[in-house]
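Chemist: Kindly return the folded structure for what I paste below:
(one chain, ligands or ions: 1)
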Amino acid sequence: MTRSSLTTPPPGANLPEAQPGAPSPGSALVSHYDQCFACGPAHPTGLHLTARTPDGATVEAEFTVGEAHQGAPRLAHGGVLATAMDEVIGMSVYLLHKPYVTGRLETDYLLPVPVGTTLHLRAWCNGIAGRKAYLEAEGRIGAPDGPVAVRAAALFIEVNMEHFAKHADLAVTAADHQDYEVNP
Ligand SMILES: CCCCC/C=C\C/C=C\C/C=C\C/C=C\CCCC(=O)SCCNC(=O)CCNC(=O)[C@H](O)C(C)(C)COP(=O)(O)OP(=O)(O)OC[C@H]1O[C@@H](n2cnc3c(N)ncnc32)[C@H](O)[C@@H]1OP(=O)(O)O
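Modeler: Residues are numbered from 1 along each chain as shown. Coordinates of the predicted model:
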């Protein structure tokens, strides 16, 4: 992965520890919002990405590239692939058990991804320093050990629920995430 210093953990960053109440190994990670373009089951043309944590530390997910996801004819749009990487990395928030948002996302495109392909995604955290979480993901074609088509590195920033009160619909967010403290 070609990554900048902004998505590289600094010296002294710590690997995340298992959080009480976070999803246990083998758990499905459910959609955080029905209408999310990446994971919402109710989105008409979304990626309908489904995810789980095999080990309580990493996230695995799949999505199948559809007609609505094209850029070049019959190929996935790069922005759609970046969405998938953002989402599988974002699902790590469940494991960190705190609200985070994407601050920076860097993406390497290694192979074209044709319509009909199932992309197998995996994300993990390389370190946490203060409010900053340094995460990485890869997307493989056709199988969990298939050829790598996309890699991403991200900087996520911890926020409080006021972030969503100020910028989003807190009622919907809170209803979907009752295990988070809404009024810290
Ligand atoms: C979307 C989820 C909603 C639900 C959430 C609720 C519960 C969560 C539960 C489950 C969620 C599960 C799955 C979610 C899955 C996928 C979602 C994908 C994630 C997204 O799709 S999310 C949307 C896109 N995302 C944004 O909408 C962010 C817009 N943005 C801002 O809201 C602010 O910009 C913010 C908050 C990022 C920072 O603002 P701030 O005022 O709090 O803090 P500040 O600016 O001081 O930054 C603190 C330190 O981070 C450094 N820093 C900041 N940004 C940087 C950058 N870009 N590059 C390098 N360094 C950066 C600074 O340099 C400083 O560093 P230092 O401390 O060293 O000086």
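
Chemist: Got phi/psi on the residue of the chain found nearest the ligand?
Modeler: The ligand sits closest to Gly90 of the chain, with a gap of 2.4 Å, by C-beta to the nearest ligand atom. Backbone N, C-alpha and C define where each C-beta goes, glycine included. Taking degrees, to the nearest 10, you get phi -60, psi -30 for the backbone angles of Gly90.

Chemist: wait, isn't it in contact with Pro99?
Modeler: No. If you go by C-beta atoms under 8 Å, Gly90 and Pro99 don't touch, sitting 10.5 Å apart.

Chemist: More neighbours: the two, which one.
Modeler: Taking neighbours as other C-beta atoms under 10 Å, Gly90 and Pro99 compare with Gly90 leading, 25 against 20.

Chemist: Flag every residue of this structure that's near the ligand.
Modeler: 6, 32, 86-87, 90-91, 93-94, 99, 101-104, 131-132, 155, 157, 159, 173, 177, 180 (C-beta under 6 Å from any ligand atom).

Chemist: and stretch 129-142, which residues are buried?
Modeler: Across stretch 129-142, burial judged by 16 or more other C-beta atoms under 10 Å covers Lys132, Ala133, Tyr134, Leu135, Glu136, Ala137, Glu138, Gly139, Arg140, Ile141.

Chemist: quick one: the helices in the protein?
Modeler: Here the chain has its helices, by DSSP state H, at 78-90, 92-96, 162-167, 170-176.

Chemist: mind listing the strands in this structure by residue range?
Modeler: Secondary structure of the chain (DSSP state E): strands located at 28-29, 50-52, 59-64, 100-109, 118-129, 132-141, 148-158.

Chemist: now the protein, which segments are flagged as low pLDDT?
Modeler: Counting by pLDDT under 70, the chain contains low-confidence residues at 174-184.

Chemist: So which residue of it lies furthest out from the middle?
Modeler: Pro73 (26.1 Å; C-alpha atoms, centre = their mean).

Chemist: Could you give the backbone dihedrals for Pro73?
Modeler: The phi/psi pair for Pro73 (degrees, to the nearest 10) reads phi -50, psi 130.

Chemist: Spatially nearest residue to Val172, not counting backbone neighbours?
Modeler: By the measure of C-beta to C-beta, 6 or more residues apart in numbering, the closest residue to Val172 outside its immediate chain neighbours is Tyr33, 7.1 Å from it.

Chemist: beta partners for Glu60?
Modeler: Note on Glu60: beta-bridge partners by DSSP bridges are Arg52, Arg122.
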